[in-house]
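**Student:** okay, predicted coordinates and the sequence, questions at the end:
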Amino acid sequence: MDKTPLNEMSSGDIKKAVKTKYSKVAKEPCVSFNFPVGKSFALKVGYPGDVLNKLPQSMYESFTGANNPQPFIELKEEETVLDLGCGAGLDLYFYAKAVGAKGKAYGLDISEDMASKAVDNMGKAGIRNVEIKCGHSDNLPFPDNFFDVVASNGIYNLSPDKKKVMQEVFRVLKNGGRTVFCEIVLKKALPQSMRKNIDDWFRCIGGALSRKDFFELMEKVGFKNIEVVSEVRNARTGHKLAICANVRAYKI
């Protein structure tokens, strides 16, 4: 464990640590982490067991999201969707199926190992309407006004510059497009004593914002009709102040 205090780490240091950690999750998913990983976790947050049982193990063994966004993403056929922080491709698989052959699903992950694993998994599952890139969520390799939907599953709390990520999501959305995501937020600000080092970051509390600050930031970036579809406590919200917010908002 890196004992460097969080307040002494730069944004670049944190992004490098996130990349390294999730590369390990991609390559060694059975190693013990200080956050839940894999199929049993996916089942606990509501992914359908009958579907998972038919997928390659490599599709879900590295799953580390915040919740299951499938019940409320409401994708339509022929839409273009980005899965931001796609990991090994579990959500991306569902999105690609939902938009159909005339739609397209894109995935982006900070880790080359995760992105490569996602590419392999899409091939194993016979998914063709996908394109996967490696990159940073605060500098998206896509043009303006490109996506109908930008989805994510627990990436904001891992991002050191949340405003920049939100601005990038807003930029690549079409007018009338929407972002739909699951995210760990806090009931109130976390005491600084709980933000000691990068391990707290990976527990999804060290970098999490309070509910109030998170949604105020979304409004400042320009999102409208911000709807908290639901808030839940689940296997990813270990700290008593943490909740998982399931959110939908629009670029108008």
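**Tutor:** Happy to help now that I have it.

**Student:** just name whatever secondary elements the longest helix along the chain is in contact with.
**Tutor:** Scanning the chain for the longest helix, with DSSP state H as the assignment, gives helix 11-27. Contacts of helix 11-27 with other secondary structure elements, assessed using 3 or more C-beta pairs under 8 Å, 6 or more residues apart in numbering; DSSP states H and E, are made with helix 112-124, helix 198-202. The C-beta positions use only the backbone N, C-alpha and C, and glycine is treated the same way.

**Student:** lowest average confidence across those helices, which one?
**Tutor:** Per-stretch mean pLDDT for the helices and strands packed on helix 11-27 is lowest at helix 198-202 (a mean of 88).

**Student:** wait, doesn't K76 sit right on V99?
**Tutor:** Yes: K76 lies in contact with V99 (C-beta atoms under 8 Å); the separation is 7.3 Å.

**Student:** for the stretch 51-200 of the chain, what spans make up the strands?
**Tutor:** Taking DSSP state E, counting those that start in this stretch as the criterion, the stretch 51-200 of the chain contains strands spanning 80-84, 104-109, 130-134, 147-153, 173-186.

**Student:** give me the mean pLDDT for the fourth one.
**Tutor:** When pLDDT is averaged along strand 147-153, the result is 98.

**Student:** what's opposite V81 in the beta bridge?
**Tutor:** Per DSSP bridges, residues listed as beta-bridge partners of V81: A105, V149.

**Student:** contacting residues for it?
**Tutor:** V81 is in contact with L75, Y95, V99, G103, K104, A105, Y106, F147, D148, V149, V150, A151, counting by C-beta atoms under 8 Å, 6 or more residues apart in numbering.

**Student:** run a quick neighbour tally on S10.
**Tutor:** Summarising burial for S10: neighbours were counted as other C-beta atoms under 10 Å, giving 9.

**Student:** against H136, how distant is it?
**Tutor:** 14 Å (C-beta to C-beta, to the nearest Å).

**Student:** quick check: phi and psi at V229.
**Tutor:** phi -60, psi -40 (degrees, to the nearest 10).

**Student:** distance check, it against K187.
**Tutor:** From V229 to K187 the distance is 18 Å (C-beta to C-beta).

**Student:** next: L173.
**Tutor:** Distance, L173 to K187, using C-beta to C-beta: 29 Å.

**Student:** the contacts of V81: which two are farthest apart?
**Tutor:** Using C-beta to C-beta, the two most remote members of those are G103 and V150, lying 14.2 Å apart.

**Student:** these two: which is more packed in?
**Tutor:** Taking G103 and V150 together and counting by other C-beta under 10 Å, V150 has the greater number of neighbours (28 against 20).

**Student:** could you pull up the residues touching the most centrally placed residue in the chain?
**Tutor:** Among the residues of the chain, N153 comes closest to the average C-alpha position under C-alpha atoms, centre = their mean, at 2.8 Å. Contact partners of N153, counting by C-beta under 8 Å, 6+ apart, are G65, A66, N67, P69, D83, G85, D91, F181, C182.
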